[in-house]
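Undergrad: here is the input, now give the coordinates:
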Amino acid sequence: MIVPLTHLLIFASILFALGLICVLIWRTNVIMMLIGIEIMLNAAMLVFVAGSNHWGRADGQVFALMIMAMTSAEVSLALAMVVYLHKRKKTVNVDEFRELRDQ
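TA: The predicted structure follows:
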């Protein structure tokens, strides 16, 4: 069964919108912001793979692999940052970290 390109694009746009809503609504929680960013990057990967399949070229799949590598690095760095900040401030609330800018 082949899924039409329009269905994949609609699904990817819904995923991207959900990720954007997650980032905008839970701006105060670092972990929820990171989850929203991951959802948006997964939606972009889906568009790359869908376009690659539609046009019969492997370019989109290569970009999807590059996005996977970037997100794995981003997740490991972000998790280390969240653990460090949680140890330092005992919270993951973004508003508590505003004073770190001034130092």
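Undergrad: okay, CA-based contacts and neighbour counts for the rest of this
TA: Will do.
Undergrad: so what's the residue count around Val82?
TA: For Val82, the tally of surrounding residues (other CA atoms under 10 Å) stands at 16.
Undergrad: ok, it - contacts?
TA: Val30, Ile31, Val92 (CA atoms under 8 Å, 6 or more residues apart in numbering).
Undergrad: same thing but 7 Å
TA: The contact partners of Val82, by CA atoms under 7 Å, 6 or more residues apart in numbering, come to Val92.
Undergrad: same deal with the one 10 residues further on?
TA: Neighbour list for Val92: Asn29, Val30, Val82, His86 [criterion: CA under 7 Å, 6+ apart].
Undergrad: which SS class is Thr91?
TA: What DSSP: H, G, I helix; E, B strand; the rest coil gives for Thr91 is coil.
Undergrad: leaving aside the residues next to it on the chain, what's closest to it?
TA: Leu85 (7.4 Å; CA to CA, 6 or more residues apart in numbering).
Undergrad: now name the helix or strand holding the spatially most central residue of the chain.
TA: If you average the C-alpha coordinates of the chain and look for the closest C-alpha using CA atoms, centre = their mean, you land on Glu38, 1.8 Å from that point. Secondary-structure element containing Glu38, defined by DSSP states H and E: helix 30-55.
Undergrad: alright, that wraps it up for me.
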